[in-house]
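Undergrad: The following comprises the amino acid sequence and a computationally predicted model.
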Amino acid sequence: MKIQFHGAAQQVTGSKHLIITEKGTKILLDCGLFQGINTQDLNQNFAFNPAEIDYVVLSHAHIDHTGLLPRLVGKGYSGKIFCTSATKDLCSILLGDSARIQESDLERINKRRFKRGESILESLYSQDDVEKTLSMMEVVNFRETFWLNDEASIYFTDTGHILGSAAISLTIKENDKEIKLFFSGDIGRPNDKILKSPEGFAQADYIICESTYGSKLHETELDVKAHLLDIVQKICVEKKGKLLIPAFSIDRTQELVYALDQLQTEGKLPLIKVFVDSPLSVNATQIMKKHPECFNPEVLEYLKHGDNDAFGFPNLYYISATEDSKKLNELQEPCIIISASGMAEAGRIKHHIANHVEDPNCAVLLVGYTTTNSLGGQLKAGNKKVNIFGKEFKVNAQVFVMDSFSAHADYQEIIQFLSCQDKSKVKQVFLVHGDYEVQKIFREKLLHEGYSDVYIPAHQEEVIIN
């Protein structure tokens, strides 16, 4: 059996791992979009023939794991796409949003390429490709063995990363034996604010494991709500400024709203307006409400009391219309604006930051992972100037960071997640979905834990296992 690593190999985005069995069956685990600077060519071309893929299995709905599905379909893939129910629901909004972003970005990118004398890029995919892709999705329940064919089965376990996120246990029958391959997808954190904690999985021979925070420990924060309230008090009450929070539309936005909902219920939240300014976030919140089976016991208990909604309270406004979003920049009163994207690289939050980053009374609160070259990453690094829409801005606004909202496990939490395994039976661990320098550090930590063989595959590398 072979594994080809076509994405998220020595980098964080573009998750794509192709399994080729002895009989020639081709199973693609994830089909993610590469994100960041200079990734256009990576997204334009597959290093394999999409028409030859037999099955696609998804870990979760994030675009760096699903964002090239419509292109895969447009280039000839015609099989089923297997995922959890919540992942399918989230893809119905995320992929359409991605198509719109691609079309908008492509126009700007091609203008620059034309000026440089470079070839013009074609659109990655259309809304029609998205619709066709969604029609090919088939739901597989958590904790149920599902046979793709007579030689391969999949089994989903909950990773608590985002709504519907799953790790994939793949069993392949070859000759007279079975090979157990486990793909972690993205691993969530124990005691998530909304979702269930990551669960254990069956013994594996081979493990493909994410390593996003493989060199980092999240700061221990005893009272997340108190920290958030302190920032709101400093910026919105004392300075009468705006607090801008770049947040991923899925889970991170809902976690923030849930924390603010609790503060309001407790009578602690100041009487200021809170805006969730993102059509995607609005739709994602509705989908979140449809899937209480993913919620942890604390949230379920909270929902039982009185009129608790978890995602709705007085002075909370969900905004979809572009004109209403633009009016927020003219609003002359303190407020909180939660808007996508989480890395502040696209979407409405980028406009809000451009309009307020030079105001010392305002602040940006970063609550999740950011690549170093993203706008969020530059703000987190403390850059005194940032470039937004081709214009340079001074960073006069305060920048706060709350890592406690991260949806990715740190290295100790990943090690704990893997602790359900008998290390002596794990033949090899492949590290993916992480920066190379981080992966080298995490590799040493896993070897120290007792794993005998930890390997960091390169982009498009092929590895033979048996």
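TA: Looks like it arrived, so ask away.

Undergrad: ranges for the helices of the stretch 201-350 of the chain?
TA: Assigned by DSSP state H, counting those that start in this stretch, the helices in the stretch 201-350 of the chain fall at 224-232, 252-265, 279-290, 297-304, 322-330, 348-356.

Undergrad: list the buried ones in the fourth one?
TA: It stands for helix 297-304. Buried residues in helix 297-304, counted by 16 or more other CB atoms under 10 Å: 299, 302. C-beta coordinates here come from the backbone N, C-alpha and C atoms, glycine included.

Undergrad: okay, the angle between that helix and helix 252-265?
TA: Orientation of helix 297-304 against helix 252-265 (axes from the mean of the first three to the mean of the last three CA atoms, to 10 degrees) gives an angle of 50 degrees.

Undergrad: ok, now the last one?
TA: Between the direction of helix 348-356 and that of helix 252-265, the angle (the same axes, to 10 degrees) works out to 70 degrees.

Undergrad: what about the chain, any weak spots by pLDDT?
TA: Scanning the chain for pLDDT under 70 picks out 37, 221.

Undergrad: farthest residue from the center of it?
TA: residue 176 (38.4 Å; CA atoms, centre = their mean).

Undergrad: how much space is there between that residue and residue 150?
TA: 15 Å (CB to CB, to the nearest Å).

Undergrad: re the thing from before, which one of the helices of the stretch 201-350 of the chain lies nearest to residue 166?
TA: Closest of the helices of the stretch 201-350 of the chain to residue 166 is helix 279-290, at 16.1 Å (criterion: CB to CB).

Undergrad: Output the contacting helices and strands for that closest one.
TA: Judged by 3 or more CB pairs under 8 Å, 6 or more residues apart in numbering; DSSP states H and E, the packing partners of helix 279-290 are helix 85-115, helix 252-265, strand 316-319.

Undergrad: Can you tell me which of the ones you listed is packed in deepest?
TA: The highest mean neighbour count among the helices and strands packed on helix 279-290, using mean count of other CB atoms under 10 Å, belongs to helix 252-265: a mean of 22.

Undergrad: Contacts made by stretch 214-231 with the rest, please.
TA: By CB atoms under 8 Å, 6 or more residues apart in numbering, the list of residues contacting stretch 214-231 from outside reads 189, 193, 243, 256, 259-260, 262-263, 268-269, 363, 365, 400, 402-406, 410-414, 431, 434, 437-439, 441-442, 445.

Undergrad: Quick one: distance of that stretch to the chain centre.
TA: 20 Å (CA atoms, centre = their mean, to the nearest Å).

Undergrad: can you pull the buried residues of it?
TA: 214-216, 218, 224-225, 227-229, 231.

Undergrad: so which two of these are the farthest from each other?
TA: 214 and 229 (31.9 Å).

Undergrad: Can you say which helix or strand has the closest residue to residue 204 other than its chain neighbours in it?
TA: In space, and not counting its chain neighbours, residue 204 is closest to residue 182: 3.8 Å by CB to CB, 6 or more residues apart in numbering. Using DSSP states H and E, residue 182 sits in strand 177-183.

Undergrad: re the thing from before, looking at the helices of the stretch 201-350 of the chain, which is nearest to residue 106?
TA: That would be helix 348-356 among the helices of the stretch 201-350 of the chain, by CB to CB, at 17.2 Å.

Undergrad: I'd like to know which elements that closest one is packed against.
TA: Contact partners of helix 348-356 among helices and strands, from 3+ CB pairs under 8 Å, 6+ apart: strand 242-246, strand 273-277, helix 322-330, strand 335-339, helix 375-380, strand 385-388.

Undergrad: buried sites along stretch 369-383?
TA: 369-371, 374-380.

Undergrad: Check stretch 341-359 too.
TA: Buried, per 16+ other CB under 10 Å, within stretch 341-359: 341-345, 347-357.

Undergrad: Can you get me the start-to-end distance on it?
TA: Stretch 341-359 has an end-to-end distance of 21 Å (CA to CA, to the nearest Å).

Undergrad: For the nearest residue to residue 450 once chain neighbours are set aside, grab phi and psi.
TA: Spatial nearest neighbour of residue 450, chain neighbours left out: residue 423 (4.5 Å); criterion: CB to CB, 6+ apart. Dihedral pair for residue 423: phi -60, psi -30, per degrees, to the nearest 10.

Undergrad: Now do the contacts for residue 423.
TA: Counted by CB under 8 Å, 6+ apart, residue 423 has contacts 449-452.

Undergrad: can you rerun that using 10 Å?
TA: 429, 446, 449-452 (CB atoms under 10 Å, 6 or more residues apart in numbering).

Undergrad: now these as CSV including neighbour count and distance to residue 239?
TA: Putting the contacts of residue 423 into CSV (neighbours: other CB atoms under 10 Å; distance: CB to CB, whole Å) gives the following:
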residue, neighbour count, distance to residue 239
429, 26, 48
446, 24, 45
449, 12, 47
450, 9, 51
451, 21, 50
452, 12, 55
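
Undergrad: hmm, back to that, give me whichever of the helices and strands packed on helix 348-356 is most buried.
TA: strand 242-246 (a mean of 27).

Undergrad: And residue 212, how close does it get to residue 197?
TA: 18 Å.

Undergrad: can you tell me which residue is nearest the centre of the protein?
TA: Geometric middle of the chain (CA atoms, centre = their mean) lands on residue 62, at 4.3 Å.

Undergrad: which residue packs closest to that one, ignoring adjacent ones?
TA: Nearest non-adjacent residue to residue 62, counting by CB to CB, 6+ apart: residue 162, 6.5 Å away.

Undergrad: Give me the distance from stretch 434-449 to the chain's centre.
TA: Using CA atoms, centre = their mean, the offset of stretch 434-449 from its chain centre is 21 Å.

Undergrad: which other residues reach it?
TA: So stretch 434-449 is contacted by 8-12, 207, 209-216, 371-372, 408, 411-412, 414-415, 418-419, 423, 426, 429, 431-433, 451-458 (CB under 10 Å, 6+ apart).

Undergrad: List the buried residues in it.
TA: 434-435, 438-440, 442-443, 445-446.

Undergrad: C-alpha coordinates for it, CSV please?
TA: What follows is stretch 434-449, C-alpha atoms only, in CSV (Å, rounded to 0.1, in the frame of the first residue of the first chain):
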residue,chain,number,x,y,z
GLY,A,434,2.5,21.8,10.5
ASP,A,435,5.4,24.0,9.7
TYR,A,436,8.6,22.0,9.1
GLU,A,437,10.5,23.6,12.0
VAL,A,438,7.6,22.8,14.4
GLN,A,439,7.4,19.3,13.1
LYS,A,440,11.0,18.6,13.8
ILE,A,441,10.5,19.6,17.4
PHE,A,442,7.4,17.5,17.7
ARG,A,443,9.1,14.5,16.2
GLU,A,444,11.6,14.6,19.0
LYS,A,445,8.9,14.8,21.6
LEU,A,446,7.1,11.8,20.1
LEU,A,447,10.3,9.7,19.9
HIS,A,448,10.9,10.6,23.6
GLU,A,449,7.4,9.4,24.4
